[in-house]
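# Let me see the structure of the following:
(one chain, ligands or ions: 1)
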Amino acid sequence: MESTVNPAMNRIPDHIAIIMDGNGRWATRQGMPRLSGHFQGYKTLHNTVIWAANLGVKVLTAYAFSSENWTRPEDEVEGLMELVLVALRAEIEMMMEEGVRIVRSGRSEGLPDEVVREFDHTTQQTQSNSRITLNICLNYGWRNEIIDAARRVAEMAANQRIQPADVDEKLLSSLMYRPELPDPDLLIRTAGELRVSNFLLWEIAYSEIYVTQTLWPDFSEEDLGKAIASYQLRTRKFGAVVDEQQAD
Ligand code: FPP
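From the prediction side, this is the model:
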């Protein structure tokens, strides 16, 4: 069922996570190199942050580079890292004007030092911005996230700071990469694939999922509206029995 977004319904998702897929296909269809698709994808991300902030979304998480993306051709990997650097520098003005705080999720090891440094610097510059948080998943894989959490649990146990019974949902949540962020309410995937690709598997346990055929570089304000409108029509049950009339 399709509709248009209705901010008056007071059901704007606090946190939207996006798998930005289809850059390569978009470029190929235009007869352009894959990197042109990523560049256009970056422009779409710029716009989406502003559209989301204007709608009242508090957190936008974007899957920019997965732990598996290192297997791509060297020039594509290098081009994507360069694009991140260019974007961080180019977008500081937009982030300050629009109240965007930027943070990163994923392992630092493996990323070029310059990217880590520039990212940390931009995070610091934007740390007081409070309209929307942009969480960029870079060198991110959920299996790595749970491995890193498990290692910390093992360290705590080895140091006798915790007992087996202390390992619960609250502890594990606190060990994810961004424990201060709420779980995503809505997961959007572009380009039509029906999989979650090692993305936030703990955090999306109860997220509503929306898949659009639109390729990420073509993703528009209308597409975002359709995703949120679809979310507004869902009844969120969190595993419970809910009276459909009463559910908000
Ligand atoms: C997936 O499309 C997209 C990526 C692996 C990269 C996403 C990166 C951006 C949109 C740029 C983000 C920029 C910044 C500054 C964070 P694909 O290449 O797998 O597309 P395909 O499946 O059609 O080949």
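# Return the nearest residue of this protein with respect to the ligand.
Gly24 (2.4 Å; C-beta to the nearest ligand atom). (Glycine included, C-beta is placed from N, CA and C.)
# mind listing what that residue touches?
Applying C-beta atoms under 8 Å, 6 or more residues apart in numbering to Gly24 gives the contacts 34, 37.
# distance from the centroid: which residue in this structure tops it?
Within the chain, the residue lying farthest from the chain centre (C-alpha atoms, centre = their mean) is Gln160, at 34.7 Å.
# Please, which helix or strand holds the residue of the chain closest to the ligand?
If you go by DSSP states H and E, Gly24 is part of helix 23-29.
# Can you list the buried residues in that helix?
Using 16 or more other C-beta atoms under 10 Å as the test for burial, helix 23-29 gives 23-27.
# Same question for stretch 127-139.
For stretch 127-139, the neighbour count (16+ other C-beta under 10 Å) marks 129, 131-139 as buried.
# Return only those of the residues you listed found close to the ligand.
When contact is defined as C-beta under 6 Å from any ligand atom, these meet the ligand at Ile136.
# Farthest pair within the buried residues of stretch 127-139?
For those, the maximum inter-member distance is 26.7 Å, found between Arg131 and Asn139 (C-beta to C-beta).
# Return the distance of the spatially most central residue of the chain relative to Asp14.
Centroid-nearest residue in the chain, with C-alpha atoms, centre = their mean: Thr61, separated by 2.2 Å. For Thr61, the distance to Asp14 equals 11 Å [C-beta to C-beta, to the nearest Å].
# Next: Gln125.
Taking C-beta to C-beta, one finds Gln125 at 24 Å from Asp14.
# what does Ile204 give?
Ile204 is 14 Å from Asp14, by C-beta to C-beta.
# Please apply the same query to Val84.
Taking C-beta to C-beta, one finds Val84 at 26 Å from Asp14.
# So those two - more neighbours on which side?
Of the pair Val84 and Asp14, Val84 is the one with more neighbours under other C-beta atoms under 10 Å, namely 23 against 14.
# Ramachandran coordinates for the more buried one?
Here is the backbone geometry of Val84 (degrees, to the nearest 10): phi -60, psi -40.
# Make 11 the starting number, not 1.
Okay, using 11 as the starting number, the last item reads as Val94.
# What degree of burial does Leu121 show, as a neighbour count?
Leu121 - counted by other C-beta under 10 Å - has 18 other residues nearby.
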